[in-house]
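Q: Structure, please.
(one chain, ligands or ions: 1)
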Amino acid sequence: MFDNIVGNEQLKATLVRLRTSGRLPNAMLFAGPEGVGKRLFAIEIARSLVCRVSENGLPCGECPACVRAGEFEFPRADARDDFKKVIFSNHPDVATVAAYNRSIFVDAIRDLEREAHFRPYEAAARVFIVDDADKMNDAASNALLKTLEEPAATTHIFLITSRPDSLLPTIRSRCQVLRFAPVSVEETERYLIETRGLPKPESELAARLANGSIGHAVALDLPEFRGRRDRLLAALTSAIDTGDRVLLLRTTEELNDAKNKDSFEDNLGILESLIHDVWSIGIGQASSDVVNTDIPEKLTSLAKNANSKNLPEWLTAIQTLRENLLVNINRKMATDALFMKMAA
Ligand SMILES: [Zn+2]
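A: Next up, the predicted model:
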């Protein structure tokens, strides 16, 4: 079980123990960062409950029941009404509830409530996965609470969330909570090499950029990332080496251009990681310990020329800018101010 999922080894052991000893709770809450595999864990347990071959409580992963339990066809994004029901997998005892835009419809939870009372059709148990459970409003939460209070013995409900604190405390207290950790850089790197066939240097970089999320590592578009990073690196180079104000101003124009609006904070993060890398090489860290592992010579040469007092100040300025973004400042003016500080 969980053979194809990376990371969170201890949770795997806990779940295997609960499952094989027949003590799997009827309601569980999987809490932890985005992209670490919480949903995959839930589907794997669903398989263990519907598998037709296995006798030890662990899924075979290959029988038709195991395969169908992992096959979901989600409604089109604009098919609003289809999100008012539970969405069944190709197995009639495994279903999920998904959010439409930013909320889970109370009707979907009422449908779950109804389905949760039925006896299983083919398997020994029924499994319902509530994805993004923090997107339930109060009405939906209260509807779910009823189901959690008196679950059918053959029904298992898994709530999945990256924001457990946004759930009603009464919901949390009815579930056994498992806390997922970010996946380590080493685990992510190994996965990218062994399972995704990425070359080592690409895997190294992607694993460091992914911040503990396998999902993010897989979705990363490295050529696109490098294109953006090149521009920020050019800006940082003029701040450190040449003092080319024109290029710096052009970069702030570009960062604030309407077409880059959605990636503004990402870009800020890239600039931050470059400055941090230069700084850490400057204070004697190995160039293999940085985020941008693929450009060691460039970072080392910037570290030689940089004024060691400036770099921490720039990092603080970025942090301040990011906090100010939350309170609705003029983003363009704030970015200009940051870059002018770097050009000084
Ligand atoms: Zn099976």
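Q: which residue sits closest to Cys51 in space, ignoring its chain neighbours?
A: With sequence-adjacent residues excluded and distances taken as C-beta to C-beta, 6 or more residues apart in numbering, Cys51 is closest to Pro59, at 4.3 Å. C-betas here are computed from N, CA, C, even on glycine.
Q: who's in contact with the residue of the stretch 201-344 of the chain found nearest the ion?
A: Of the stretch 201-344 of the chain, the residue with the smallest distance to the ion, taken as C-beta to the ion, is Ile214 at 24.0 Å. For Ile214, the contact set (C-beta atoms under 8 Å, 6 or more residues apart in numbering) comprises Val6, Gly7, Gly35, Val36, Gly37, Val183, Thr188, Tyr191.
Q: separation between it and Ala181?
A: For Ile214, the distance to Ala181 equals 12 Å [C-beta to C-beta, to the nearest Å].
Q: And Asn56, by the same measure?
A: Taking C-beta to C-beta as the criterion, Asn56 is separated from Ala181 by 27 Å.
Q: and if you look at Glu55?
A: In this structure, Glu55 and Ala181 are 32 Å apart, going by C-beta to C-beta.
Q: These two: which is more packed in?
A: A direct count of neighbours by other C-beta atoms under 10 Å for Glu55 and Ala181 places Ala181 higher, at 14 against 7.
Q: For whichever residue of the stretch 101-250 of the chain sits closest to the ion, which non-adjacent residue is spatially closest?
A: Of all residues in the stretch 101-250 of the chain, the one sitting closest to the ion is Ala123 (10.3 Å; C-beta to the ion). Here the nearest residue to Ala123 in space, its sequence neighbours aside, is Val50; by C-beta to C-beta, 6+ apart that works out to 3.8 Å.
Q: do Phe225 as well
A: Taking C-beta to C-beta, 6+ apart, and ignoring the residues beside it in sequence, Phe225 has Leu209 as its nearest neighbour in space, at 7.0 Å.
Q: That neighbour: how many residues sit nearby?
A: If you count neighbours by other C-beta under 10 Å, Leu209 ends up with 22.
Q: Who does the longest strand along the chain pair with, and is each partner parallel or antiparallel?
A: Ranked by number of residues, the top strand in the chain under DSSP state E is strand 155-161. Taking DSSP bridges as the criterion, strand 155-161 forms sheet pairs with strand 27-31 (parallel), strand 126-130 (parallel).
Q: Only alpha carbons, please: show the last one as PDB.
A: Output in PDB follows, covering the C-alpha atoms of strand 126-130 (Å, rounded to 0.1, in the frame of the first residue of the first chain):
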ATOM      1  CA  ARG A 126     -18.300   2.900   1.100                       C
ATOM      2  CA  VAL A 127     -15.800   5.700   1.000                       C
ATOM      3  CA  PHE A 128     -16.500   9.500   0.600                       C
ATOM      4  CA  ILE A 129     -13.700  12.000   0.100                       C
ATOM      5  CA  VAL A 130     -14.400  15.600   0.800                       C
END
